[in-house]
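*Asks:* A predicted structure for the sequence below; I have some questions about it.
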Amino acid sequence: MVTLSVAAPRADVAPPSFVRLVAHPLRWRLLSELVSSDRRVRELTGLVDEPQSLVSYHLGQLRVGGLVRTRRSSADGRDSYYTIDLGRCREELQAAGGALHPALRLVPAPPPTRSASGRSRPPRRVLFLCTGNSARSQIAEAMLVRLSAGTIEAASAGSDPKPLHPYAVRVLAARGIDISANRTKHVDELAARRFDVVITLCDRVREVCPEFPSHPQLVHWSVPDPALDGKYATFERTAVELESRIRFLLDLLDHQPTRRSLHVQR
């Protein structure tokens, strides 16, 4: 007869650094806030109701651990936005599960396509805003439509529209998406339309984002303008970042469809 022996956990084996990092209550709260929107330190301080020095310390720990990153605000150079790296968090979480048992390497669940009642969900409507509506918001709009297989209604606009940037067209064409016939639009054109989520991609636009009658969730992604240096490689990096963010956005829209789940205080 063959018996299966299971070794007891060794007392001298420390848990993975990811587990120790996110186990702290305040760091977990900070990560939870950053899931829904990029934030400045003073915003996080208000949301978690803790002193700025303490919040900054724990944000520093999360940065060292590679779970969050910062970008200088393009609206106010004295400010920085903190962004959670969800891709890194997923990798670390999967590795932590696998370190305990191979069967605990997590596999994302397939997104639901119908509501609990069995009826198809109404389409969600998402608006992307940047300054010129010439690159970032156009890329995000097209990618959301493609990655959602057309189940999400996406639109884009800008506070000061500029001509469509040829590198935005090119970077999407490399992915089989044609936006060459798109026109740029002012946000006022869409102000009366109903949206479920409005995502600002530019720090300046966030400061002047208008009120929408449908009271959508307001989310901010602090994404630098690739047109500032005019290099195609920068547009490619922007497209890669937006694609990653949009994939995680789709999970939120699928699995947490209520307004409360994506609520963002401004």
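*Replies:* Received the coordinates, thanks.
*Asks:* quick check: domain ranges of the chain?
*Replies:* What automatic domain parsing lists as the domains of the chain is 17-104, 124-262.
*Asks:* can I get those domains in JSON lines with mean pLDDT and mean neighbour count?
*Replies:* Just so you know, the C-beta spots here come from the backbone N, C-alpha and C atoms, and that holds for glycine as well. Converted to JSON lines, the domains of the chain look like this (pLDDT from 0 to 100; neighbours: other C-beta atoms under 10 Å):
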{"stretch": "domain 17-104", "mean pLDDT": "93", "mean neighbour count": "16"}
{"stretch": "domain 124-262", "mean pLDDT": "92", "mean neighbour count": "19"}
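*Asks:* Where do the strands of the stretch 1-150 of the chain begin and end?
*Replies:* For the stretch 1-150 of the chain, applying DSSP state E, counting those that start in this stretch gives strands covering 39-40, 68-72, 80-84, 124-130.
*Asks:* Can you list the helices and strands that the second one packs against?
*Replies:* Where contact means 3 or more C-beta pairs under 8 Å, 6 or more residues apart in numbering; DSSP states H and E, strand 68-72 is packed against helix 25-36, helix 52-64, strand 80-84.
*Asks:* The shortest one now?
*Replies:* Judged by 3+ C-beta pairs under 8 Å, 6+ apart, strand 39-40 is in contact with strand 80-84.
*Asks:* For the strand it packs on, give me every contacting residue.
*Replies:* By C-beta atoms under 8 Å, 6 or more residues apart in numbering, the list of residues contacting strand 80-84 from outside reads 31, 34-35, 38-41, 44, 59, 67-73, 203, 220-222.
*Asks:* neighbouring contacts of stretch 192-203?
*Replies:* Residues from elsewhere that reach stretch 192-203 (C-beta under 8 Å, 6+ apart): 73-76, 81, 124-131, 136-137, 140, 155, 206, 209, 212-214, 216-223, 225, 242, 249, 253, 259, 262.
*Asks:* The residue most central in space within the chain: which element?
*Replies:* With distances taken as C-alpha atoms, centre = their mean, residue 245 lies nearest the centre of the chain, 4.1 Å away. Using DSSP states H and E, residue 245 maps to helix 232-255.
*Asks:* Export that helix to CSV, keeping only CA atoms.
*Replies:* This file holds the C-alpha atoms of helix 232-255, laid out as CSV (Å, rounded to 0.1, in the frame of the first residue of the first chain):
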residue,chain,number,x,y,z
TYR,A,232,6.1,56.8,-32.0
ALA,A,233,7.6,54.7,-29.2
THR,A,234,5.9,56.9,-26.7
PHE,A,235,2.5,56.3,-28.4
GLU,A,236,3.2,52.6,-28.3
ARG,A,237,3.9,52.7,-24.6
THR,A,238,0.7,54.7,-24.1
ALA,A,239,-1.3,52.1,-26.1
VAL,A,240,0.2,49.3,-24.0
GLU,A,241,-0.7,51.1,-20.7
LEU,A,242,-4.3,51.9,-21.8
GLU,A,243,-4.8,48.3,-23.0
SER,A,244,-3.8,47.0,-19.6
ARG,A,245,-6.0,49.4,-17.8
ILE,A,246,-9.0,48.7,-20.0
ARG,A,247,-8.7,45.0,-19.5
PHE,A,248,-9.0,45.5,-15.7
LEU,A,249,-11.8,48.0,-16.3
LEU,A,250,-13.8,45.4,-18.1
ASP,A,251,-13.5,43.1,-15.1
LEU,A,252,-14.9,45.8,-12.9
LEU,A,253,-17.7,46.5,-15.3
ASP,A,254,-18.6,42.8,-15.5
HIS,A,255,-18.2,41.7,-11.9
